[in-house]
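> with the input below, show me the fold.
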Amino acid sequence: MLDLSIVDEIILRALKEDMPMGDLTTDSTVPADEVCAANLIAKEAGVVAGLDVFERVFTLLDSKIYIERYINEGDRVEAGTRIMHISGNARAMLKAERTALNLLQRMSGIASATRKFADVLEGTKSKIVDTRKTAPGLRYLDKYAVRAGGGTNHRFCLSDGILIKDNHIKAAGGITEAVKRARAMAPHTIRIEVETESMDMVKEALEAGADIIMLDNMSIEAMKEAVDFINGRALTEASGNITLDRAEAIAKTGVDLISSGSLTHSVKAMDISLRFE
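Residues are numbered from 1 along each chain as shown. From the prediction side, this is the model:
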């Protein structure tokens, strides 16, 4: 469920960026009382996410705009699928069009990419999770889109989880000391995760009491060895060089989580078009 107060803040910022002093083209060519209608069409196959966000852009500009959906959030669609029909004030629709499409296309691209991983991992214990490699200002929507595509969220920000990475380890003087300091400060509700790159680091992290051990940029064989050694004493997360064609082999090592920044940092927007009648 999306928090509309957060969504509205994102949309209003985007609209201000797109037309800080109005829309010169629309206001000069389209009469103020003109009414029109349009169809939202998927131009490629994928998973659609962000319908509420898309609609909200239009209704923030004109609450009287009428919208009819033909699919549900998170549905798979084929090229040519009619997603939605919109009718109302032409000026409002034209002003909303690009911002609404930008958000919907990005969110649907993320959901589609996530669903591909989720399909590959189906039947295994591994879950596909996102990272903090999101577009600045759009993390809330990016992470929502991951869930819509069948994935799971990692920590949302630096304030809601402890993940001790390589530079933290160097700055703290080692894994053991870093975990000790984190444990002394963290409330009992927060888990501590440690990034590791070798079996020696895995062993030290486990001995230090890490709740989650990240296996970063390890080979399949090294991951399997680490998972077998940890043997359920901590959650395991595979990270680094996570590609769709490696996902099944990684899952077979027995890791609990597979995190991929590619879900959000370099995702291809889904091709969706708004065609005016």
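> where do the helices of the stretch 51-200 of the chain begin and end?
51-61, 90-121, 139-148, 166-172, 175-185, 199-208 (DSSP state H, counting those that start in this stretch).
> wait, Lys125 touches Asp256, no?
Yes: assessed by Cβ atoms under 8 Å, Lys125 is found in contact with Asp256 at 6.5 Å. For glycine as for every other residue, the C-beta is placed from the backbone atoms N, C-alpha and C.
> circling back to that earlier point, indicate which one of the helices of the stretch 51-200 of the chain is closest to Ile242.
For the helices of the stretch 51-200 of the chain, the distance to Ile242 is smallest for helix 90-121, at 8.4 Å, taking Cβ to Cβ.
> can you lay out the helices of the stretch 51-200 of the chain as a markdown table showing mean pLDDT?
Converted to a markdown table, the helices of the stretch 51-200 of the chain look like this (pLDDT from 0 to 100):
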| stretch | mean pLDDT |
| --- | --- |
| helix 51-61 | 98 |
| helix 90-121 | 98 |
| helix 139-148 | 98 |
| helix 166-172 | 97 |
| helix 175-185 | 97 |
| helix 199-208 | 98 |
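> next, format those helices as JSON lines and append mean neighbour count.
Shown next, in JSON lines, are these (neighbours: other Cβ atoms under 10 Å):
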{"stretch": "helix 51-61", "mean neighbour count": "21"}
{"stretch": "helix 90-121", "mean neighbour count": "23"}
{"stretch": "helix 139-148", "mean neighbour count": "23"}
{"stretch": "helix 166-172", "mean neighbour count": "13"}
{"stretch": "helix 175-185", "mean neighbour count": "16"}
{"stretch": "helix 199-208", "mean neighbour count": "18"}
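> related to what we said a few turns ago, the more surrounded of Lys125 and Asp256?
Shown here are Lys125 and Asp256; by other Cβ atoms under 10 Å, Asp256 has more neighbours (19 against 10).
> so what pLDDT did that one get?
pLDDT for Asp256: 98.
> not counting its neighbours along the chain, what's nearest it?
Leu235 (4.7 Å; Cβ to Cβ, 6 or more residues apart in numbering).
> okay, and the beta partners of that neighbour?
Ile212 (DSSP bridges).
> so who does it touch?
When contacts are counted by Cβ atoms under 8 Å, 6 or more residues apart in numbering, Leu235 touches Arg191, Asp211, Ile212, Ile213, Asp256, Leu257.
> report pLDDT for the fourth one.
Spelled out, that is Ile213. 98.
> looks like it contacts Ile230 (just checking).
Yes: in this structure, Ile213 is within contact of Ile230 by Cβ under 8 Å, at 6.2 Å.
> who touches both of those two?
Common neighbours of Ile213 and Ile230, counting by Cβ under 8 Å, 6+ apart, are Val202, Leu206, Thr236.
> out of the helices of the stretch 51-200 of the chain, which comes closest to Arg132?
That would be helix 139-148 among these, by Cβ to Cβ, at 7.4 Å.
> just want the angle from the closest one to helix 51-61.
140 degrees (axes from the mean of the first three to the mean of the last three Cα atoms, to 10 degrees).
> ok, back up a step: can I get the helices of the stretch 51-200 of the chain in CSV including distance to Asn241?
As requested, the helices of the stretch 51-200 of the chain are arranged in CSV below (distance: least, Cβ to Cβ, whole Å):
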stretch, distance to Asn241
helix 51-61, 32
helix 90-121, 14
helix 139-148, 19
helix 166-172, 15
helix 175-185, 22
helix 199-208, 17
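> out of the ones you listed, which is closest to Ile6?
Judged by Cβ to Cβ, the one of the helices of the stretch 51-200 of the chain that comes nearest to Ile6 is helix 139-148, at 5.3 Å.
> what residues does that closest one touch?
By Cβ under 8 Å, 6+ apart, helix 139-148 touches 2-3, 6-7, 10, 47, 49-50, 53, 73-74, 103, 106-108, 110-111, 114, 129-130, 132, 134-135, 152-153, 156-157, 263-264.
> what about 6 Å?
Contact with helix 139-148 is made by Ile6, Ala49, Gly74, Met107, Ile110, Ala111, Thr114, Asp130, Thr134, Asn153, Leu263, Thr264, as judged by Cβ atoms under 6 Å, 6 or more residues apart in numbering.
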